[in-house]
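Trainee: I'll drop the sequence and a predicted model, then ask my questions.
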Amino acid sequence: MQADRKLFAHMVLVAESRHLQMSDVLSHPLGPLPWALANGDGTLRKTNKAALARELEKQVLPAETIPGPSATIIDGMSLVQKMKGNDQTFSQLADSALTQILHEGARSQRIDVVVDPWRRFLRSSANKANLIRFLVAEWKTPNLRDKLNDKQLYVASEESCLHITKDQWAEVAGLQSNQEEADTRIILHAAHATEEGYSAVAVTADDTDVLALCLAFSADISRPLFQ
């Protein structure tokens, strides 16, 4: 407070000698950074990204329909983290996860599940990676593939991506990626889906970063993009 008072006194003296308007002088931040971005001690303010999402969502109305045929892209880690698997075996968990995936993408012909391989999960990156490998291995079995019916399932696992249908599975060279964040990899899958001829892409991810990325890249994706 003393430092601010001395600075203010100097500014008043300068303003009098140079005929400055104090209202104009005080319209500028008195610090190295704007106060909207920094605290009084110079440290950056912590942001509330959810508030940004709410402000962005105010600019548009909810979509009543999504053009078809459409593709749905799901944040796989978010989906698995929300599941309650305490009373299930790992095989049952894989079945439940696939059921939830098919529910999320019920109105789409193509469903992409994108997993962030480096996000903290189960407090152990090794356990997380092993769980994802197990889920993908289970989804490749004929028993669970039968649940797909006519759906096209794309699953990003580590740096590879698998295309799974009721009849077979294969790796997709065009979706191989070493991106460390699922957020950016979702955009890769959205672009691929539109290149494959889908009329729209719906992204299922409760994430402000994904919303910002979708807005940024929507002009580069040839079809409507929804979240």
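Mentor: Received, thanks. Values in this document were obtained by computation on a predicted structure and should not be read as measured data.
Trainee: CA atoms for contacts and neighbours, from now on please.
Mentor: Will do.
Trainee: S160 against Q179, yeah?
Mentor: No. Between S160 and Q179 there is no contact under C-alpha atoms under 8 Å: 10.8 Å.
Trainee: burial of K49, as a residue count?
Mentor: Residues lying near K49 (other C-alpha atoms under 10 Å) number 12.
Trainee: give me phi/psi at the closest residue to it other than its chain neighbours?
Mentor: Leaving out its chain neighbours, the residue that sits closest to K49 by C-alpha to C-alpha, 6 or more residues apart in numbering is T208, at 6.1 Å. With angles defined as degrees, to the nearest 10, T208 sits at phi -70, psi -40.
Trainee: the strands in the protein, which residues?
Mentor: 70-75, 110-114, 152-157, 160-164, 169-171, 200-204, 225-226 (DSSP state E).
Trainee: quick revisit: hang on, isn't the residue nearest to K49 packed against A50?
Mentor: Yes. With contact defined as C-alpha under 8 Å, T208 counts as touching A50 (6.2 Å).
Trainee: Comparing those two, which shows the higher neighbour count?
Mentor: Neighbour count, other C-alpha under 10 Å: between T208 and A50, T208 has more, with 18 against 13.
Trainee: For Q227, see how far away the more buried one is.
Mentor: 10 Å (C-alpha to C-alpha, to the nearest Å).
Trainee: Measure how buried Q92 is and give me the count.
Mentor: There are 13 residues near Q92, going by other C-alpha under 10 Å.
Trainee: Output the below-cut-off pLDDT ranges for this protein.
Mentor: 1-4, 29-31, 85-86, 117-128 (pLDDT under 70).
Trainee: domain ranges for it?
Mentor: Domain segmentation of the chain under automatic domain parsing yields 2-46, 70-226.
Trainee: nearest to V60, of these?
Mentor: Proximity to V60 (C-alpha to C-alpha) singles out domain 70-226 among these, at 11.5 Å.
Trainee: distance between the closest one and the chain's centre?
Mentor: 12 Å (C-alpha atoms, centre = their mean, to the nearest Å).
Trainee: what residues does the lengthiest helix in the chain touch?
Mentor: In the chain, with assignment by DSSP state H, the single longest helix is helix 2-18. Here helix 2-18 makes contact (C-alpha atoms under 8 Å, 6 or more residues apart in numbering) with L20, Q21, M22.
Trainee: tell me the contacts of the second one?
Mentor: Under the criterion of C-alpha under 8 Å, 6+ apart, the contact list for Q21 reads A15.
Trainee: again, but for the first one
Mentor: L20 makes contact with V14 under the criterion C-alpha under 8 Å, 6+ apart.
Trainee: how close does it sit to P32?
Mentor: The value you get for L20 to P32, if C-alpha to C-alpha is used, is 21 Å.
Trainee: now swap in the second one and tell me
Mentor: Distance check for Q21 against P32: by C-alpha to C-alpha, it reads 22 Å.
Trainee: just E171 next, same as before
Mentor: Taken as C-alpha to C-alpha, the span from E171 to P32 is 52 Å.
Trainee: Of those two, give the one with the bigger neighbour count.
Mentor: Neighbour totals were compared for E171 and P32, and E171 leads with 15 against 8 (other C-alpha under 10 Å).
Trainee: Cool, thanks, signing off.
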